[in-house]
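1. quick one: sequence and predicted model below, then my questions.
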Amino acid sequence: MIVKSIKVKSALSKSGLRELDYSLNPYLGCVYSCPYCYAPNFTPNKEASENWGKVVVIKENLLEVLMKEVKIYKKGVVGISTITDAYQPIEALRKLTRESLKVLLKNGFRVSIQTKSPLVLRDIDVLLEYKDRVDVGFTVTSLNNRLEPNAPPARARLRALEKLSDEGLETWIFLGPIIQGINDMEIEDIIREISNIKVRVIFDNFHYYKGLKFKEGSTWWWVSLKNRILENCKRYDIECHEESEDWIYEKRKYYKTF
C-alpha cells in the first residue's frame, strides 16, 4: 500500500443520502477494495481512484479544518465512511477518525458510522460518552468473506457488533449489496446468525456503477428475495427494512433527538 497526504479546504461535505446531513471521510482510497465498490467513481483524488486498493490518501489537515467548521455549520447528522472505510488499517496509526468523532460529538453533532472493521471497538470510550447521538453499522455480505477477501472476517465484525450492542449503543447491519446468483442464498444465514443481537437490519440489492463486473438482479428476483428477508426478520423479531426506506426511520428518530 502506498500512503499519500493532501491538504483539504473542507472536512464536512453535504451528503446526497436523505438520512444524513453531512459526510466525513478522513481518507481517500480503501485497501479493502471490494469488487462491488462504487466509491472509485466518487473519489475526487485521481491517484486513489485509479489505483483503488493500492493507494490511500490521508487528509493531513482534516482536524484543523473540522474544528473550524463545527463552529459555523448547522448541527446535523454526519455519516462516517460514505466513500471509504474510516476504520481501515491506516486509522490504527493516524487516528483521524477517532479525533474527528471527538470534535463532532463535543460540538453537538450526531454521528452515524458504517464500517467493515472491528477497529471501531477501540473508540468505544468516545462512543459510550455520547451514545445518545451515535449509531454504528457493519456491512456484511456473507459469512465467508468471498466478496470481501481483503476486509476483516465477517464473524469478527459480528462479534464487534454484539459487543457494541451489549454496551447499549444503537447498532445496525447493512446486508448489501445483495447480488443475484452470488450471495443472495447466504442472506438468511446471516439473519439467523444475528438473531440473538439487538440490532436493526438494512438491506439492499446491487446497483451497477461504471467499472463493476456484476449485473443488477431482475425485478422478480428482488421482490421474492425481499419478501423472504422480511419474513426471516419477523421470525426472529428483528427490525428490518430496505435501504430505500431507511431515511424515513432515521429522520423520525433524529427529529426526536434534535
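-> In hand now; what should we look at? Residues are numbered from 1 along each chain as shown.
2. just say helix, strand or coil for the residue minimising distance to the centre of the chain.
-> For the chain, the residue sitting closest to the mean C-alpha position, by C-alpha atoms, centre = their mean, is Gln114 at 2.1 Å. Per DSSP: H, G, I helix; E, B strand; the rest coil, the local secondary structure of Gln114 is strand.
3. what does the pLDDT read for it?
-> Listed pLDDT for Gln114 reads 97.
4. and for the one 3 residues further on?
-> With respect to pLDDT, Ser117 scores 98.
5. now it: how far from Ala156?
-> Separation of Ser117 from Ala156 (C-beta to C-beta, to the nearest Å): 9 Å. Backbone N, C-alpha and C define where each C-beta goes, glycine included.
6. cool, Phe42 as well?
-> The spacing between Phe42 and Ala156, counted by C-beta to C-beta, is 27 Å.
7. also Gly168?
-> For Gly168 relative to Ala156 (C-beta to C-beta), the value is 21 Å.
8. with neighbour numbers in mind, choose between the two.
-> Ala156 (15 against 12; other C-beta atoms under 10 Å).
9. name the helix or strand for the more buried one, please.
-> Using DSSP states H and E, Ala156 sits in helix 154-166.
10. which residues in the stretch 1-150 of the chain form strands?
-> 2-6, 13-14, 22-24, 27-28, 55-59, 77-80, 110-115, 134-140 (DSSP state E, counting those that start in this stretch).
11. residues in contact with the second one: which ones?
-> Right, the one you point to is strand 13-14. Asp21, Tyr22, Ser23, Leu24 (C-beta atoms under 8 Å, 6 or more residues apart in numbering).
12. just the buried residues of those residues.
-> Asp21, Tyr22, Ser23, Leu24 (16 or more other C-beta atoms under 10 Å).
13. from what I see, the last one and Ala11 are in contact.
-> Yes. With contacts defined as C-beta atoms under 8 Å, Leu24 counts as touching Ala11 at a distance of 6.3 Å.
14. next, show the common contact partners of those two.
-> Leu66, Ser100.
15. picking that back up, need the buried ones among the contacts of strand 13-14 in TSV with pLDDT and distance to Ala160, can you?
-> Shown next, in TSV, are those (pLDDT from 0 to 100; distance: C-beta to C-beta, whole Å):
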residue	pLDDT	distance to Ala160
Asp21	95	26
Tyr22	97	25
Ser23	97	23
Leu24	97	21
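16. keeping just the C-alphas, turn the top strand by length along the chain into PDB.
-> Counting residues, the longest strand in the chain under DSSP state E turns out to be strand 170-178. Provided in PDB are the C-alpha atoms of strand 170-178 (Å, rounded to 0.1, in the frame of the first residue of the first chain):
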ATOM      1  CA  GLU A 170     -27.500   1.600  18.700                       C
ATOM      2  CA  THR A 171     -26.300  -0.800  16.100                       C
ATOM      3  CA  TRP A 172     -27.300  -2.000  12.700                       C
ATOM      4  CA  ILE A 173     -26.200  -4.200   9.900                       C
ATOM      5  CA  PHE A 174     -26.100  -3.400   6.200                       C
ATOM      6  CA  LEU A 175     -26.900  -6.500   4.300                       C
ATOM      7  CA  GLY A 176     -25.700  -5.500   0.900                       C
ATOM      8  CA  PRO A 177     -25.100  -5.300  -1.800                       C
ATOM      9  CA  ILE A 178     -27.100  -8.500  -2.400                       C
END
